[in-house]
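Undergrad: Just to be clear, the model below is a prediction. Sequence and coordinates:
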Amino acid sequence: MITLNINGQSHDVDVPPDMPLLWVLRDVVGLTGTKFGCGIAACGACTVQLNGQPVRSCVTPVAAVGDQHVVTIETVGETPAGKKIQQAWLDLDVVQCGYCQSGQIMSATALLNTIPNPSDDDIDAAMAGNICRCGTYTRIRAAIKQAAKGA
């Protein structure tokens, strides 16, 4: 049995220690907002936060999580940065197909928590590896900048 702190709640899960966090979140806990994309940490669709840092849950074994706090797309909007990011996403119509957006939002929120007023280089570095097949990168950058301004 492994105990995880997910979105501020304790969850006891009976899973193999090498099971990826993604599948624990989706299939065991029932939090389906985190998406499977590539399975090799290359696309960012599965991004969640561990102690505020973005990680690719598809390659993170549940045993490596330990007592770290896991935050998923389901509750990131309850944080000040997450609320600003989600509102900016809506204001600027960032979403096209939407599949990658939970991972994009998780990475963008982690960025604002670390660097409240990011430069273009900061945004590029933080969002590298979050792939959007629809190509909404310009709107993503604009949304991050709007959220940083607190608009």
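TA: Thanks, I have the structure now.
Undergrad: In terms of helices and strands, where is the most centrally placed residue in the chain?
TA: Centroid-nearest residue in the chain, with C-alpha atoms, centre = their mean: Met106, separated by 2.6 Å. Element membership of Met106 [criterion: DSSP states H and E] is helix 101-114.
Undergrad: what's the burial count for Arg26?
TA: For Arg26, the tally of surrounding residues (other C-beta atoms under 10 Å) stands at 19. From N, CA and C alone the C-beta is placed, and that goes for glycine too.
Undergrad: Now do the contacts for it.
TA: For Arg26, the contacting residues are Thr32, Thr34, Phe36, by C-beta atoms under 8 Å, 6 or more residues apart in numbering.
Undergrad: Scan those and report the most crowded one.
TA: Thr34 leads the contacts of Arg26 on contacts (other C-beta under 10 Å) with 23 neighbours.
Undergrad: what stretches of the protein score poorly on pLDDT?
TA: Low-confidence segments of the chain (pLDDT under 70): 151.
Undergrad: domains of it?
TA: Residue ranges for the domains of the chain, per automatic domain parsing: 2-72, 76-149.
Undergrad: Now do the buried residues in stretch 15-26.
TA: Using 16 or more other C-beta atoms under 10 Å as the test for burial, stretch 15-26 gives Val15, Met19, Pro20, Leu21, Leu22, Trp23, Val24, Leu25, Arg26.
Undergrad: wait, stretch 113-122
TA: Quick answer for stretch 113-122 (16+ other C-beta under 10 Å): Asn113, Pro118, Asp122.
Undergrad: TSV for the residues you listed, including distance to Thr138?
TA: Shown next, in TSV, are those (distance: C-beta to C-beta, whole Å):
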residue	distance to Thr138
Asn113	23
Pro118	16
Asp122	17
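Undergrad: where do the strands sit along the protein?
TA: Under the criterion DSSP state E, the chain carries strands at the ranges 2-6, 9-13, 47-50, 53-56, 69-71.
Undergrad: I'd like the ones you listed laid out as JSON lines, including mean neighbour count.
TA: As requested, those are exported to JSON lines (neighbours: other C-beta atoms under 10 Å):
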{"stretch": "strand 2-6", "mean neighbour count": "18"}
{"stretch": "strand 9-13", "mean neighbour count": "12"}
{"stretch": "strand 47-50", "mean neighbour count": "25"}
{"stretch": "strand 53-56", "mean neighbour count": "20"}
{"stretch": "strand 69-71", "mean neighbour count": "22"}
